[in-house]
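J.: I would like the atomic coordinates for the input below:
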Amino acid sequence: MAFSIENYDIFNYVNNEQEDEINLGISYLKLEKYENALSDTHRSLEIEPTGPNSFILRGETYFMLEKFSEALIDFNKALEINPNNTYVLILSGEFYFKFQLYALLYYGKVLEIDPFNLIALSFRGKVHYLLGQYYKAFLDLNKALDINPLDMATLLYRGEAYFNHGHYDKAFSDLVKVLEQYDKDLYNLGMSIEIKSNYTNALILQSKICFNLEKYRDTIQFLKDSLT
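T.: Numbering: from 1, shown residues only. I've put the predicted structure just below:
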């Protein structure tokens with residue numbers, strides 16, 4: 001991730017004490033003294049707990065310390081305060097893009113060792129799709145479903161991909177298979193939150209398909225089902 005704080009005017013509307021802490025933090029960050037930078041951003045947030053600039057700087061510092069989860073949390077907090085902060089949106093975009101590329105590398109290594117690893121194929125297909133590599137995405141998702149035609153996560157991924165490309169019949173077919181499998185577990189008290197979430201997502205996606213096809217009664221029914 002390329003950090004270039006000096007290219008962005010993000011330090012408006014702060015009081016002097018907080019500004020001093022932020023300026024110290026920036027200086028330490030540029031000197032690669034990340035622990036010192038982190039201490040100053042902590043102090044800045046003690047002065048102003050909702051200061052977006054402090055969250056941005058601390059997020060960047062966490063990133064340089066390879067504390068990626070903490071970095072993303074701070075970027076998200078900054079966006080909660082100002083959802084239109086283009087600087088943070090750029091940082092977040094670079095963050096997600098970079099780690100999707102890393103994900104492709106790791107899933108690729110898994111598949112070199114085990115070419116039929118269902119999880120790696122399914123997740124790599126999802127990442128390819130998010131990166132706009134649609135042909136590769138469908139290759140991976142189709143191969144995963146050749147291994148296990150009833151893998152719910154992969155069916156949901158492929159259904160979503162078909163939907164976004166306007167292939168509503170194919171999307172609906174995948175989602176029907178998802179719902180058939182989840183229907184068996186719907187009233188199981190031990191059903192996981194993930195299963196419930198995927199079940200709901202499949203219903204919502206079906207409602208969107210029906211809406212786009214102007215089947216409004218079906219749209220309403222699927223939405224009602226998703227809320228039960």
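
J.: so the nearest residue to residue 120 once chain neighbours are set aside, which state does it fall into?
T.: Leaving aside its sequence neighbours, residue 120 sits nearest to residue 110 (CB to CB, 6 or more residues apart in numbering; 4.1 Å). The way it works is simple: take the backbone N, C-alpha and C, and place the C-beta from them, glycine included. Here residue 110 is recorded as helix under DSSP: H, G, I helix; E, B strand; the rest coil.

J.: now tell me what touches the helix or strand containing residue 182 from outside.
T.: Element membership of residue 182 [criterion: DSSP states H and E] is helix 168-185. Helix 168-185 has contacts (CB atoms under 8 Å, 6 or more residues apart in numbering) with 149-150, 152, 155-156, 158-160, 162-163, 191, 195, 198-199, 202-203, 205-206, 209, 212-213.

J.: ok so, going back, compute the distance between the residue nearest to residue 120 and residue 49, please.
T.: Distance of residue 110 to residue 49, given as CB to CB, to the nearest Å: 42 Å.

J.: so which of the two has more stuff around it?
T.: Taking neighbours as other CB atoms under 10 Å, residue 110 and residue 49 compare with residue 110 leading, 15 against 9.

J.: was I right about that one contacting residue 117?
T.: Yes - the criterion here is CB atoms under 8 Å, and residue 110 meets it with residue 117 at 5.3 Å.

J.: okay, and the common contacts of the two?
T.: Joint contacts of residue 110 and residue 117 (CB under 8 Å, 6+ apart) do not exist.

J.: what is the end-to-end distance of stretch 157-173?
T.: This stretch, stretch 157-173, spans 13 Å end to end (CA to CA, to the nearest Å).

J.: and the helices in this structure, which stretches?
T.: 16-30, 34-47, 52-64, 68-81, 86-113, 118-130, 134-147, 152-164, 168-185, 193-212, 216-227 (DSSP state H).

J.: how distant is the third one from the center of its chain?
T.: Going back to what we said before, that points to helix 52-64. Mean-position distance between helix 52-64 and its chain equals 19 Å (CA atoms, centre = their mean, to the nearest Å).

J.: the shortest one too?
T.: What separates the centre of helix 216-227 from the centre of its chain is 26 Å, taken as CA atoms, centre = their mean.

J.: tell me the pLDDT of the spatially most central residue of the chain.
T.: For the chain, the residue nearest the mean C-alpha position is residue 96 (7.2 Å; CA atoms, centre = their mean). Per-residue pLDDT puts residue 96 at 78.

J.: contact partners for residue 61?
T.: Contacts of residue 61 (CB under 8 Å, 6+ apart): 25, 29, 34, 37-38, 41.

J.: list the buried ones in the lowest-mean-pLDDT helix or strand in the chain?
T.: Least confident helix or strand, the chain: helix 16-30 with a mean of 81, by mean pLDDT, DSSP states H and E. Neighbour-count burial for helix 16-30 flags 18, 21-22, 24-26, 28-29 (criterion: 16 or more other CB atoms under 10 Å).

J.: quick one, domains of the protein?
T.: Here the domain assignment for the chain is 13-84, 114-227, based on automatic domain parsing.
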